[in-house]
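*Asks:* Provided below for reference: sequence and predicted model.
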Amino acid sequence: MYQTNAHDTYTQNHFSVESSEKLVQMLLEGVLRFNTLAKKAIRDKDIEKKTYWINRSNRVLAELISTIDFTQGDIANYLHGLYTYQLDQLTLANIETNSDRLDQVNLVVKGLNEAWKDSANVA
């Protein structure tokens, strides 16, 4: 049963994460990696692996949603909507076996990752 959150998992594995921004970047990079592997599975017509990798991306995005601090106002609501929409796109990519939807998710996730990198550099 998946009861620990991503931060706890990294802590248990003795990874040192210098900031919450860095952890978010690592999670977003995971989505990109998992989606790339899902696209390969689609090309290979390996439905089991496609589903596995898309589900991994779904879990990361669900974790990101669960850690949103809604006291931060509009940006929190924006991120919630954006992450939720990406979950919807991943679900459709899985149902339709559609790598174009994975590309769309990757485009958004790359933009988010760049924004998190920029925010970490400002702080």
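*Replies:* Noted; the coordinates are in hand.
*Asks:* what about the nearest residue to residue 110 once chain neighbours are set aside, neighbour count?
*Replies:* Of all residues not flanking residue 110 in the chain, residue 32 sits nearest, at 6.8 Å (C-beta to C-beta, 6 or more residues apart in numbering). (Each C-beta comes from the backbone N, C-alpha and C, glycine too.) Residues contacting residue 32 under the criterion other C-beta atoms under 10 Å number 17.
*Asks:* how about the helix or strand containing residue 32 as CSV, C-alpha atoms only?
*Replies:* Assigned by DSSP states H and E, residue 32 belongs to helix 20-43. What follows is helix 20-43 as a C-alpha-only set of coordinates in CSV (Å, rounded to 0.1, in the frame of the first residue of the first chain):
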residue,chain,number,x,y,z
SER,A,20,11.4,21.8,-1.4
GLU,A,21,11.9,23.5,-4.8
LYS,A,22,14.6,20.9,-5.7
LEU,A,23,12.3,18.1,-4.7
VAL,A,24,9.6,19.4,-6.9
GLN,A,25,12.1,19.6,-9.8
MET,A,26,13.1,16.0,-9.2
LEU,A,27,9.5,14.9,-9.2
LEU,A,28,8.7,16.8,-12.4
GLU,A,29,11.8,15.3,-14.0
GLY,A,30,10.5,11.9,-13.0
VAL,A,31,7.2,12.6,-14.9
LEU,A,32,9.2,13.5,-18.0
ARG,A,33,11.3,10.3,-17.7
PHE,A,34,8.2,8.1,-17.0
ASN,A,35,6.3,9.6,-20.0
THR,A,36,9.3,9.0,-22.2
LEU,A,37,9.3,5.4,-21.2
ALA,A,38,5.5,5.2,-21.7
LYS,A,39,6.0,6.6,-25.3
LYS,A,40,8.5,3.9,-25.9
ALA,A,41,6.1,1.3,-24.7
ILE,A,42,3.4,2.7,-27.0
ARG,A,43,5.8,2.4,-30.0
